[in-house]
Each structure stands twice: as structure tokens, then as C-alpha cells.
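K.L.:
with the sequence up front, the predicted model follows.
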Amino acid sequence: MAQEIRYDDAGDTPVMEALTSAPEPAAPVVADGMGCHAGAAEMEAAARAAGNSEILDRYAADYPQGPHDKPQSMCPAFGSLRVGLRMRRVATVLSGSACCVYGLTFVSHFYGARRSVGYVPFSSETLVTGKLFEDIRDAVHELADPDRYDAVVVTNLCVPTASGVPLKLLPSEINGVRIVGIDVPGFGVPTHAEAKDVLAGAMLKFARAEAEAGPVATPAQGRADRPTVALLGEMFPADPMMIGAMLAPLGLAAGPVVPCREWRELYAALDCGVAAAIHPFYTASIREFQAAGRTIVGSAPVGHDGTMDWLAAIGAAYNVDPAKIAAAQNAFGGAIKAALAANPIKGRITLSGYEGSELLVARLLIESGADVPYVGTACGKTEWSAADREWLEARGVMVKYRASLEDDLAAMEAFRPDLAIGTTPVVQKAKQAGVPSLYFTNLISARPLMGPAGAGSLAQVVNAAMGNKGRMDGMKAFFEGVGEGDTAGIWEGAPNLRPDFRAAHQKKLDKLAKAAKAEEMI
């Protein structure tokens with residue numbers, strides 16, 4: 001049965017009473033000397049021994065691991081941290097190793113967070129005795145000011161998760177401020193994109209429970225006058241507006257984008273009858289929409305074929321008159337075809353990234369005329385990307401989920417593209433080989449992709465990059481012979497390589513590896 005969202009037009013949201021009191025936690029289990037550089041298997045074993053098996057089992061089901069046991073992108077917790085920092089009236093607190101917190105806050109401010117990040121430091125003693133949990137509880141009590149915040153988000157990084165610091169024992173609210181505790185260990189959450197879903201799903205779960213308990217606050221922008229479609233996944237700001245324009249002929253409107261920008265938007269998102277999994281890996285968020293009785297529609301209105309299929313699926317989910325669906329398709333199909341024809345892309349392109357929209361971008365490139373033999377995404381395979389995968393594979397594209405850096409580099413070397421779109425190390429390798437390349441996150445995903453606006457958005461930057469092949473060849477020829485690796489740079493004489501030192505060190509490493517393997521067999 002679909003859950004009804006009732007609003008309190010007076011604007012006051014009754015926060016749930018604390019679901020649990022916070023008893024003294026048991027002393028967490030932590031391996032001596034364990035830190036962020038420990039192996040994923042050892043960290044996971046410690047976390048399970050410390051009582052976090054339920055969390056890790058849930059993550060294993062939601063975000064199945066790939067061929068590599070550690071994330072090959074930035075720390076996953078950056079994703080959830082960014083979601084919290086972009087929300088109004090939400091405070092964020094990190095619990096983890098100081099080096100991790102420094103890196104996360106640095107990257108956050110690099111991306112324009114302009115918001116303080118709370119940090120609860122710890123030592124081996126506070127970890128083992130359970131004092132760290134008490135320090136976290138004191139910190140959230142100090143932060144819980146209802147005049148400033150609607151919620152406080154507390155995130156355990158690798159070491160506190162492996163040590164069993166029990167955030168679930170924190171009160172669910174303090175002074176009317178919601179307390180949301182999540183664990184985002186690198187050994188449990190594969191990518192920072194999926195970590196966004198960890199927090200978004202936790203917030204939706206909290207908001208759904210509030211809506212079950214009674215009326216909730218009306219969204220700041222008011223209630224929609226038409227049935228709405230929630231949009232799952234971060235997008236270019238113009239995309240939700242374009243989607244709203246395409247939904248209008250169906251008698252529908254675009255709802256909030258999840259992750260949301262303020263707490264009240266969570267209620268409006270749950271009030272939508274349909275949730276569109278634009279980014280298909282939001283597994284925890286989808287679970288909350290399904291628990292509220294909402295219909296999930298995969299793929300996105302990207303390119304001509306994608307837009308036609310998506311409008312039909314949304315219309316069917318809302319039982320819209322087929323004549324209205326056809327009218328909407330006719331209204332936008334011609335404009336999309338015209339935009340694609342006016343902005344052609346000619347050339348072979350390999351595509352990879354870790355944002356989760358790689359399959360959508362590949363569809364748009366192919367409809368623009370590009371030859372795309374390979375698409376790699378660091379995100380996992382879900383049923384909500386099936387339509388995009390099938391469309392691509394029907395056109396001979398190799399689609400690789402949980403693609404490793406090695407997969408992406410091998411594809412680039414095998415297919416010899418005119419342009420390589422990928423992550424930083426892929427772009428670096430391509431430039432070393434004299435292949436034009438573009439960074440996916442900053443130069444591709446930061447553009448409109450939906451409907452007519454997205455149809456011609458990639459051609460300029462892609463064609464300009466492919467047009468740089470001559471410059472790349474010139475630079476490669478100019479620097480040919482200056483050395484690379486150990487011989488890079490300027491030398492007054494011949495480089496002193498000393499391969500004997502390297503061989504001696506390798507023997508020591510091999511000996512340590514054999515000893516570790518022998519211990520595992522005992």
C-alpha cells in the first residue's frame with residue numbers, strides 16, 4: 001500500500017522521539033596497529049568481530065564489490081560528506097583517522113563547500129575503552145541547536161567502523177534536531193558515488209518514519225499542483241528543469257532531486273508517485289521509495305531513443321492516456337533529432353568514470369554519431385540500468401560494471417580511440433601516449449544531458465578535444481628522448497639507476513609476502 005504523506009501547514013515538523021537511549025557501549029574490538037593502510041580483508045574481519053556484520057552485509061547486497069578490494073577513486077566518504085555539506089541547516093561530523101579527515105575536508109573545500117566540518121579525534125585508548133563514542137555523543141549534544149540545524153550527520157570512517165563504534169546508539173533526536181549516524185568504510189562502500197546513496201537512503205528512511213508518525217512540514221516551495229516524479233541522482237542544474245518541461249504535456253511535474261538540498265524536500269520526494277532512477281545505483285534510496293509504495297522507473301530521457309522510452313515508461317507508471325504520451329514524444333522527439341543532427345560527433349571514443357552516468361553519456365555520444373566500443377563504470381550493476389546496457393550492447397558496445405583502472409587502460413590500448421574520456425589516471429596515460437583525452441567528472445558530467453538541451457551539449461568539447469590530435473603529436477615528438485620514470489627530468493650526466501638496489505628491495509618484499517601467505521594457511 002502506498003504511504004500517504006500528510007503535511008502540517010503550520011510549518012512545524014514533529015521530530016520522532018528518540019528511538020533508543022544510549023547505554024554504555026561495549027568496548028570495541030580493534031586490531032593492534034590497524035589503520036587506513038591495512039588490507040580490506042583485515043579491516044572487514046575486525047568490523048565483523050566488533051558487531052558490524054549487519055551493516056557490512058547490507059552494503060555487500062546494495063553495492064557488490066568488484067575485482068578490486070579497495071576503491072580506485074577518491075575516498076568513498078567524500079560522496080556522503082558532500083551530500084551533507086550541500087544541505088541547508090545540516091551539520092556534518094566525521095569520526096576517523098586525522099589524515100583521512102584532513103583529506104576529506106580539503107577536497108570538500110576545493111569543491112566549494114564553504115561549510116565547517118566537525119571532527120571528533122581519537123587515540124588508541126579512546127577507541128579501545130569506548131571513550132570515542134562518548135566523545136561523539138557529547139559533540140552531537142553540543143551541536144544540536146534547533147535554531148541552526150534540522151539535522152546532524154555523523155559519519156564513521158574506516159577505523160571507527162572496524163572498531164565497532166556504535167553510532168546506532170546515538171539518540172535519534174536532541175532538542176528537536178535529528179541525529180543521523182552512518183558508517184562509510186572504504187572496505188564496505190566501493191565508490192564515492194554510492195556513498196551519496198548511503199546518506200540519502202538514511203535520510204529518506206528517517207523522513208519516511210516521521211511521515212508515518214504524523215503530519216510533516218510543508219516544503220518551502222509549496223506543494224505541487226500536479227503529480228510529481230522524484231529524480232534520483234545528482235544532475236546538472238538545468239536537467240531537472242528540462243525534465244519538468246518534458247513531463248508537463250503528461251500532466252506531471254518534476255519533483256525534488258535526491259540527494260536533497262534541505263530536509264523538507266525529503267517529504268516532497270517521498271510524496272511523488274514515481275521515482276526516476278536517473279542514476280541507477282541509488283539502491284538504499286530506491287528501497288525507501290519502494291517501502292513507501294512508489295513505482296521506480298529506470299534509465300533517463302537522454303538522446304532520442306532514451307527520451308521516447310522514458311516518457312512512455314513514466315506515462316505508463318502514472319497510467320497517463322496513451323494519446324498524451326504520444327503528444328509529448330512528438331513534441332520533443334523532433335527537437336532532439338534536430339539538435340543531434342546539428343551537432344555531430346565523428347570519431348572513436350572510449351568512455352569510463354565513477355559518477356554512475358557513464359552509460360547515459362555513451363548513449364548520447366552514439367546518437368551523436370560517435371563510435372563508442374567500450375564503456376566502463378566503477379559503479380555496480382543494478383536492474384535500473386538494464387535498459388541502457390541492453391541498448392548499448394545491441395550496438396556492439398562492451399559495457400563493464402565495477403571496471404577497474406586496469407580494465408579502462410586495457411580498453412584504451414586495445415581500441416586505440418581518437419578520444420579517451422575517463423578518470424584522472426586514464427587521462428594521464430592517454431596524454432603520455434599522445435591520445436586526446438577529457439576528464440569525465442569535470443568536463444563531461446558537468447553538462448546538461450537530458451532532452452533537447454542535452455542532445456547537442458557534448459559536441460563542442462568533444463570535437464575540440466579530438467581536434468587536438470596534431471598538438472598532442474607535436475608535444476610528444478618535442479619531449480621524445482628526455483626520459484621517463486626513473487630517468488625523467490634534467491641530468492648533467494647519465495642517470496644512476498642502480499637496479500641492484502631495486503632488486504634487493506624486491507627480494508625483501510617477496511619474502512614478506514611469502515611469510516604473510518604462510519600465516520594465512522596456518
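P.N.:
The structure has been received and is ready for your questions.
K.L.:
separation between residue 254 and residue 355?
P.N.:
21 Å (Cβ to Cβ, to the nearest Å). For every residue, glycine as well, the C-beta is placed using N, CA and C.
K.L.:
again with residue 518
P.N.:
42 Å.
K.L.:
kindly report the same for residue 465.
P.N.:
Taken as Cβ to Cβ, the span from residue 465 to residue 355 is 18 Å.
K.L.:
just residue 430 next, same as before
P.N.:
Residue 430 is 18 Å from residue 355, by Cβ to Cβ.
K.L.:
likewise residue 347?
P.N.:
22 Å.
K.L.:
quick one, which of the two is more surrounded?
P.N.:
Neighbour tally, residue 347 and residue 355, criterion other Cβ atoms under 10 Å: the higher count belongs to residue 355, 24 against 19.
K.L.:
quick one, helices of the stretch 1-150 of the chain?
P.N.:
40-49, 53-62, 77-85, 98-110, 124-129, 131-143 (DSSP state H, counting those that start in this stretch).
K.L.:
can you flag the weakest of these by average pLDDT?
P.N.:
Mean pLDDT is lowest for helix 40-49 among the helices of the stretch 1-150 of the chain, at a mean of 81.
K.L.:
buried ones in it?
P.N.:
Within helix 40-49, the residues that qualify as buried are 40, 43-44, 46-49, counting by 16 or more other Cβ atoms under 10 Å.
K.L.:
do stretch 234-246 as well
P.N.:
Buried positions in stretch 234-246, judged by neighbour count with 16+ other Cβ under 10 Å: 234-236, 238-240, 242-246.
K.L.:
turn these into TSV, columns for distance to residue 499 and pLDDT.
P.N.:
Output for the buried residues of stretch 234-246, formatted as TSV (distance: Cβ to Cβ, whole Å; pLDDT from 0 to 100):
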residue	distance to residue 499	pLDDT
234	48	92
235	51	91
236	50	91
238	55	93
239	54	95
240	57	96
242	58	96
243	59	97
244	63	96
245	64	96
246	62	96
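K.L.:
give me the contacts around stretch 116-127.
P.N.:
When contacts are defined by Cβ atoms under 8 Å, 6 or more residues apart in numbering, stretch 116-127 is touched by residues 28, 30, 81, 85, 91-95, 98, 101, 104-105, 108, 131-132, 135-136, 139, 143, 159-160, 163, 165.
K.L.:
kindly report the same for stretch 474-484.
P.N.:
Identification of contacts with stretch 474-484 by Cβ under 8 Å, 6+ apart yields 432, 434, 488-489, 491, 495.
K.L.:
can you give me the end-to-end span of that stretch?
P.N.:
End-to-end distance for stretch 474-484, by Cα to Cα, to the nearest Å: 17 Å.
K.L.:
tell me how far that stretch lies from the chain's centre.
P.N.:
37 Å (Cα atoms, centre = their mean, to the nearest Å).
K.L.:
quick check: mean pLDDT across that stretch?
P.N.:
Rounded mean pLDDT across stretch 474-484 is 78.
K.L.:
likewise for stretch 323-333?
P.N.:
Per-residue pLDDT values across stretch 323-333 average out to 95.
K.L.:
and for the spatially most central residue of the chain, nearest residue in space, chain neighbours not counted?
P.N.:
By Cα atoms, centre = their mean, the chain has its centre lying nearest to residue 193, at 1.1 Å. Nearest residue to residue 193, sequence neighbours excluded (Cβ to Cβ, 6 or more residues apart in numbering): residue 356, at 4.7 Å.
K.L.:
so residue 373, which state does it fall into?
P.N.:
Put simply, residue 373 is strand when judged by DSSP: H, G, I helix; E, B strand; the rest coil.
K.L.:
number of nearby residues for it?
P.N.:
17.
K.L.:
from what I see, it and residue 415 are in contact.
P.N.:
Yes. Counting by Cβ atoms under 8 Å, residue 373 touches residue 415, with 4.8 Å between them.
K.L.:
between those two, what contacts are shared?
P.N.:
Contacts common to residue 373 and residue 415, judged by Cβ under 8 Å, 6+ apart, are 348, 350.
K.L.:
and the contacts of stretch 474-484 as a markdown table, adding neighbour count, distance to residue 298 and pLDDT?
P.N.:
What follows is the contacts of stretch 474-484, written out as a markdown table (neighbours: other Cβ atoms under 10 Å; distance: Cβ to Cβ, whole Å; pLDDT from 0 to 100):
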| residue | neighbour count | distance to residue 298 | pLDDT |
| --- | --- | --- | --- |
| 432 | 12 | 38 | 88 |
| 434 | 14 | 39 | 90 |
| 488 | 10 | 47 | 73 |
| 489 | 9 | 50 | 72 |
| 491 | 11 | 56 | 73 |
| 495 | 12 | 55 | 72 |
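K.L.:
so which of those are in helices?
P.N.:
Secondary structure of the contacts of stretch 474-484 is defined by DSSP state H; positions in helices are residue 432.
K.L.:
name the nearest residue to residue 178, ignoring sequence neighbours.
P.N.:
Among residues not flanking residue 178 along the chain, residue 151 sits closest, at 4.1 Å (Cβ to Cβ, 6+ apart).
K.L.:
for that neighbour, what are its contacts?
P.N.:
Residue 151 neighbours (Cβ under 8 Å, 6+ apart): 87, 89-91, 177-180, 203, 263.
K.L.:
do the same with residue 131
P.N.:
Taking Cβ under 8 Å, 6+ apart, one finds residue 125 in contact with residue 131.
K.L.:
just checking, residue 235 touches residue 258?
P.N.:
No. Using Cβ under 8 Å, residue 235 is not in contact with residue 258; the gap is 10.7 Å.
K.L.:
so the residue nearest to the centre of the chain: helix, strand or coil?
P.N.:
helix.
K.L.:
so where is this protein shaky, pLDDT-wise?
P.N.:
Applying pLDDT under 70 to the chain flags residues 1, 9-39, 67-72, 520, 522.
K.L.:
in what element of secondary structure is residue 275 found?
P.N.:
Per DSSP states H and E: residue 275 is located in strand 274-276.
K.L.:
sorry, wrong one. I was asking about residue 425.
P.N.:
Per DSSP H and E: residue 425 is located in helix 424-432.
K.L.:
if you count contacts, what does the helix or strand following that helix end up packed against?
P.N.:
Later in the chain than helix 424-432, the nearest helix or strand by DSSP H and E is strand 437-439. If you count contacts as 3 or more Cβ pairs under 8 Å, 6 or more residues apart in numbering; DSSP states H and E, strand 437-439 packs onto strand 419-422, helix 424-432, helix 459-466.
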